[in-house]
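In: structure for this input, please:
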Amino acid sequence: MVMAIDKPPEPLPGARLLFTLDPGYVHLNHGSFGAAPIPTQRAAARLREEQEADPMRFLKPPGIVQRVRHTRRHLARFVGADPDGTALVPNVTAACAVVLGSVRLRPGDEILLTDHTYGAVALEAARRCAETGATVVQARIGLEDDDDAVVAAIAAATTDRTRVAIIDQISSATAKLFPVRRIAAELHRRGVFVAIDAAHVPGMIDVDVSALGVDAWFGNLHKWAYAPRGTGLLSVAAAHHGSVRPLAASWEYDNGFPASVEFQGTQDLAGWLAAPAGLHTMTALGVDVVRDHNARLARYGQRLITEALGTPAVRSAPELAMRVVRLPAGVATTPEAASQLRDRIAEQLRIHVAVSAWRRIGLLRICAQVYNGAEDFERLARSLPPLLRAR
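Out: Have a look, this model is predicted:
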């Protein structure tokens, strides 16, 4: 069956010139590590020069504490979170460790995940279980399950021993948008602490954290919000502020959350302080314009590559700039095979993508950003089938 392929969006004038990506590659994997635009890079460089010119003055409280607080307020407002209930963190992996370390668990308790959960989050949950005697339970969610089915599957996996659930807002390997507000309401009726892994949310889609009704929410700004790498947010509901345990007790420990989580000994804070420059860049381009461009281009690319491979189409939420394509049967069905295929695509086609094995199904993940154009996806659609046939 031949699918009708939407026309791609027009390129945003000058957008590609904002990035310093290697032109020898096509970059279709923005979701893994992001890419900071030049204004963000320059802001971070200026801050590091200021820091190195006088480390004592730059890092000495209360000045640095006030600068971090000001940055946090700016970033928290972007995602609709309470600035006084939000901490800057290096990434969602660290935030997950803080959250799981702050929830009291006993032998027999359960941590609820899904089979879309990011690998590092699952590892942290397993570590916490090994420390406490708790158990990980995994809800199975179909790749194209609708919202009703997702909520039902998560509810069915919940027991009277479920203490905490970590649910993706946008899953990494499968690029699936979860109805987190509905999930949180259902789990709260059962007395479960609800944490949302929103690694890919800030910048990609509109979000109002305060309206989600969750206990904890964490997201990265270095993926889709043009911040320097190592910039994330952890937002915690007011009722839990007093129980948050930072990964280390440092000089802001007695001041409680969020400062106790933000200040973990000597660290390079220039990246955090430069993060607003990324939001300024997005605002200059037009936040809604960027999101619309990226979502439409990702949809175009997904349909083009799916048709080229002749595999079943995967239904994706329309607002997502990150999507997956099913690979032919038998391709990339193990983590090792998926990694090998990703590397072959990079080395032979000079195209960066993500490849994962989910339920022994090979999934190619593509991302669209303002530095991409239709020709990037057209090149992958032309060159990938011959590469796969040559395996």
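
In: what about the strands in the stretch 1-150 of the chain?
Out: Ranges of strands in the stretch 1-150 of the chain, per DSSP state E, counting those that start in this stretch, are 26-27, 86-89, 110-114, 135-139.

In: er, the stretch 151-300 of the chain actually
Out: In the stretch 151-300 of the chain, the strands defined using DSSP E, counting those that start in this stretch lie at 162-168, 193-197, 216-220, 232-236.

In: which elements pack onto the host helix or strand of residue 342?
Out: Secondary structure from DSSP states H and E places residue 342 in helix 335-344. Helices and strands touching helix 335-344, by 3 or more C-beta pairs under 8 Å, 6 or more residues apart in numbering; DSSP states H and E, are strand 354-358, strand 361-367. From N, CA and C alone the C-beta is placed, and that goes for glycine too.

In: related to what we said a few turns ago, with mean neighbour count, distance to residue 156 and mean pLDDT as new columns, can the strands of the stretch 1-150 of the chain be given to me in a markdown table?
Out: Listed next are the strands of the stretch 1-150 of the chain as a markdown table, based on neighbours: other C-beta atoms under 10 Å; distance: least, C-beta to C-beta, whole Å; pLDDT from 0 to 100:
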| stretch | mean neighbour count | distance to residue 156 | mean pLDDT |
| --- | --- | --- | --- |
| strand 26-27 | 20 | 40 | 98 |
| strand 86-89 | 26 | 32 | 98 |
| strand 110-114 | 24 | 11 | 98 |
| strand 135-139 | 17 | 7 | 98 |
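
In: out of these, which gets nearest to residue 206?
Out: Taking C-beta to C-beta as the measure, the strands of the stretch 1-150 of the chain were each checked against residue 206, and strand 86-89 came out nearest at 17.3 Å.

In: returning to that earlier point: roughly how far out does the helix holding residue 342 sit from the chain middle?
Out: 21 Å (C-alpha atoms, centre = their mean, to the nearest Å).

In: swap in stretch 243-262?
Out: 24 Å.

In: buried residues, it. List them.
Out: Within stretch 243-262, the residues that qualify as buried are 244, 245, 246, 250, 252, 257, 258, 259, 260, 261, 262, counting by 16 or more other C-beta atoms under 10 Å.

In: next: stretch 371-379.
Out: By 16+ other C-beta under 10 Å, the buried positions in stretch 371-379 come out as 371, 372, 373, 374, 376, 377, 378.

In: now, those residues that are in helices?
Out: Using DSSP state H, the subset of the buried residues of stretch 371-379 located in helices is 374, 376, 377, 378.

In: dump those to TSV, plus pLDDT.
Out: As requested, those are arranged in TSV below (pLDDT from 0 to 100):
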residue	pLDDT
374	98
376	98
377	98
378	98
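
In: ok, of these, which one's closest to residue 163?
Out: Of all those, residue 163 sits closest to residue 377, with 43.4 Å by C-beta to C-beta.
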